[in-house]
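Trainee: missing the sequence, but the structure's below:
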Ligand code: GLA
């Protein structure tokens, strides 16, 4: 059991292995937050909350006589509202039929269920089916013996018939607690939600930093850490997608926290649209954290009887620094978020044609590139952008999902047969959500775009955005692209999305519902992803958005991997993959070896180094391998063998960051360790050569103290504790951007 309710004190306690979340129904019915942090046994934390009558922090009417210290402005809330005296960030802002905006929520009832709640139309963590209606996705694998429980708390407004159901999913083994909520209009008049965030978490402490992951196209998820100070610090996207610029994953941590030490609280929004995360230090030094759909431009109408479901937030806690926190998310996503069969099935090593030829290719070029790829041991050939419609540049063709016969005379079916005939799998690129004005689709259905009436639209990469909230748009895309998938016997699809949303206005929504268009877009994308991935479960789906512009937990529910960045420069990838690893598993990070000098930066990096960095992800190649010399081709053959040998360790092992890839300027190191500590792979890349360089001893993680290990199959044996606490002595590596890997393997009695 992970969820307890003490009837007398009206205290809810949620336990995971190392953490406790507590809340209490106050004498006035409000649901107060009491505690989230290290596990606390059998104690009500209500003693931490004491009211002091403070000026300009009023009390609810029921409390104002005797209990002036009781204020919604100073008491920690479980789901904050606007307009009734809590002046901190509100989760819920309503607009009733009379124009009033307030809501004051009080407890009605609760249920404790086994298993995990699910959210209609939205991605969410899941658990094995069974137990009081908590459903897992159809066909999903049993998640072993992981115990998962759901708490549902029903609240209602004191004045008007609005009901709010708060959901908590407790994943004991992962130190994770999920949150979501559902708002229902039980009255006879329509109301608006002007803001409906997913969660509020009031920390009864002041000493936390906010770690966020900002970026830009070709440089995503750079780690940034700041002290939470008085007022609000926000991390947000208003772009209609989760964005390159900020990621919907943040960490709040003790100021002394580092990789191995200190309390860390993670929050990941399972959502791919505009989002807001806000950390606010109030005047009496409590921190309110809120997260959910960005309220800017959002306004959702609830007719009588209708409900709105807010996307899920996955919270996790570590008392032992960022390393453990990241591992919690990695394991959780691999077991309880990703559904694709490829989370368990070894994925093929691919070659993507994009950086080799971009739009200029003919069928014969692709076949000859594929033949060379096959010769090197590559298993999957991916034809990227440029194969459909009049797609010879980025200003035309998007939306016309019929093969371009001038480029591919054999059609998709013919080309696919040729590629399969070489002994390779075959994959394609699509960008379903977009349209070029120069396309048959746009000429036939200009009204299918998001576009404000009477206004010239903002254009990005020569394209406009389709209104994915329109069912007929999704049906068209499913039919057209489905026909290609059927004809081509396609094994892999890269689903791209190459611009931010603007001019968001939908031709099918009335004026009072235009504030729904952006969220309806995301729901439409999810519906189409669900349709495609459930109809074609054997396809390996990779998501992309100009590289990593939509790298979020929502997408991982549908697709097991996401192209990490359009920046394929290995040295820059060290930082990008480092930042990404805080919240996402390595198995989700699309990464390829590309040409030297690199297309984006012009940097020259040795082939071994490019491969080692790409191997710390999905691993593939994206260059014209026909142009390589015999030596490099042989290197590729060897790299593929290496990757396949270490695949289980890389994709299913525990990931450790051994250095700070942003701050440490001499070298970067990371590690994969088997969960049973029987082996580990340590990867090191030097960033700059130094004369008479100091000695570096790199301390390994995740071994058995008393285990006996050997390194790279050499004769010498080492105690696990020696390698963990003394380290491995790094040899001098002359030159910049050199790399070295250490395979540390436990020796058995027989080996000794
Ligand atoms: C985006 C992707 C690239 C490539 C191009 C094709 O930029 O991120 O990998 O597919 O589109 O147009």
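Mentor: That came through fine. The shown structure was predicted, so the numbers you read here are calculated from the model rather than taken from an experiment.
Trainee: how close does the nearest residue to residue 436 once chain neighbours are set aside sit to residue 243?
Mentor: The shortest distance from residue 436 to any non-neighbouring residue, by CB to CB, 6 or more residues apart in numbering, is to residue 398 (4.4 Å). Every residue, glycine included, has its C-beta placed from N, CA and C. Distance from residue 398 to residue 243, counting by CB to CB, to the nearest Å: 21 Å.
Trainee: more neighbours: which of those two?
Mentor: Remark: of residue 398 and residue 243, residue 398 carries more neighbours, 31 against 28, as counted by other CB atoms under 10 Å.
Trainee: quick check: residues of the stretch 551-700 of the chain near the ligand?
Mentor: 563, 566 (CB under 6 Å from any ligand atom).
Trainee: ok, now the stretch 251-400 of the chain?
Mentor: Close to the ligand, as judged by CB under 6 Å from any ligand atom, the stretch 251-400 of the chain has residues 354, 384, 385.
Trainee: wait, isn't the last one in contact with residue 430?
Mentor: To tie it back to what came earlier, the one meant is residue 385. No: with contacts counted by CB atoms under 8 Å, residue 385 stays clear of residue 430, the gap being 9.0 Å.
Trainee: between the two, which contacts overlap?
Mentor: The contact sets of residue 385 and residue 430 overlap at residue 496 (CB atoms under 8 Å, 6 or more residues apart in numbering).
Trainee: rewinding a little: give me the buried entries from the residues of the stretch 251-400 of the chain next to the ligand.
Mentor: 354, 384, 385 (16 or more other CB atoms under 10 Å).
Trainee: do a quick rundown of the helices in this structure.
Mentor: Remark: helices assigned in the chain by DSSP state H are 321-336, 354-357, 363-376, 411-421, 440-444, 471-488, 517-535, 553-556, 570-581, 607-615, 630-652, 720-721.
Trainee: now do the longest one: which elements does it pack against?
Mentor: When contacts are defined as 3 or more CB pairs under 8 Å, 6 or more residues apart in numbering; DSSP states H and E, helix 630-652 sits against helix 363-376, helix 607-615, strand 667-673, strand 679-686.
Trainee: adding mean neighbour count and mean pLDDT, write these out as TSV.
Mentor: Shown next, in TSV, are these (neighbours: other CB atoms under 10 Å; pLDDT from 0 to 100):
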stretch	mean neighbour count	mean pLDDT
helix 363-376	18	98
helix 607-615	23	98
strand 667-673	23	97
strand 679-686	23	98
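Trainee: report the mean confidence score over stretch 407-425.
Mentor: If you average the pLDDT over stretch 407-425, you get 98.
Trainee: what comes into contact with that stretch?
Mentor: 348, 361-363, 366-367, 370-371, 373-374, 378-381, 383, 386-387, 403, 405, 426, 428, 484, 487-492.
Trainee: touching, residue 640 and residue 349? I think so.
Mentor: Yes: between residue 640 and residue 349 there is a contact under CB under 8 Å: 5.3 Å.
Trainee: so where's the stretch 1-150 of the chain shaky on pLDDT?
Mentor: 129-146 (pLDDT under 70).
Trainee: to clarify, my last question referred to the stretch 401-550 of the chain.
Mentor: In the stretch 401-550 of the chain, no residues with pLDDT under 70.
Trainee: ok, and the closest non-adjacent residue to the residue in the chain that the ligand sits nearest to?
Mentor: Nearest residue of the chain to the ligand, counting by CB to the nearest ligand atom: residue 385, 3.5 Å away. Distances taken as CB to CB, 6+ apart put residue 429 closest to residue 385, at 5.1 Å, once the chain neighbours are dropped.
Trainee: my guess is that neighbour meets residue 492, correct?
Mentor: No: with contact defined as CB under 8 Å, residue 429 does not reach residue 492; the gap is 9.6 Å.
Trainee: quick one: common contacting residues for those two?
Mentor: residue 382.
Trainee: who's the residue nearest to residue 385 bridged to?
Mentor: residue 494 (DSSP bridges).
Trainee: quick check: angle from the lengthiest strand in the chain to helix 517-535?
Mentor: Secondary structure of the chain read by DSSP state E shows that its longest strand is strand 307-318. Interaxial angle, strand 307-318 versus helix 517-535 (axes from the mean of the first three to the mean of the last three CA atoms, to 10 degrees): 70 degrees.
Trainee: can you list the buried residues in strand 307-318?
Mentor: So strand 307-318, judged by 16+ other CB under 10 Å, has buried residues 308, 309, 310, 311, 312, 313, 314, 315, 316, 317, 318.
Trainee: contact partners for the spatially closest residue to the first one that is not a sequence neighbour?
Mentor: The shortest distance from residue 308 to any non-neighbouring residue, by CB to CB, 6+ apart, is to residue 183 (4.9 Å). By CB under 8 Å, 6+ apart, the residues touching residue 183 are 92, 162, 163, 164, 165, 193, 196, 302, 307, 308, 310.
Trainee: what pLDDT is listed against residue 183?
Mentor: So, for residue 183, pLDDT stands at 98.
Trainee: contacting residues for residue 320?
Mentor: Contacts of residue 320 (CB under 8 Å, 6+ apart): 260, 261, 262.
Trainee: what's the answer for residue 529, then?
Mentor: 495, 555, 558, 559.
Trainee: spell out which parts of the stretch 1-150 of the chain neighbour the ligand.
Mentor: So the stretch 1-150 of the chain never meets the ligand (CB under 6 Å from any ligand atom).
Trainee: looking at residue 640 and residue 349, which is more packed in?
Mentor: Shown here are residue 640 and residue 349; by other CB under 10 Å, residue 349 has more neighbours (24 against 20).
Trainee: wait, isn't the more buried one in contact with residue 380?
Mentor: Yes: assessed by CB under 8 Å, residue 349 is found in contact with residue 380 at 7.0 Å.
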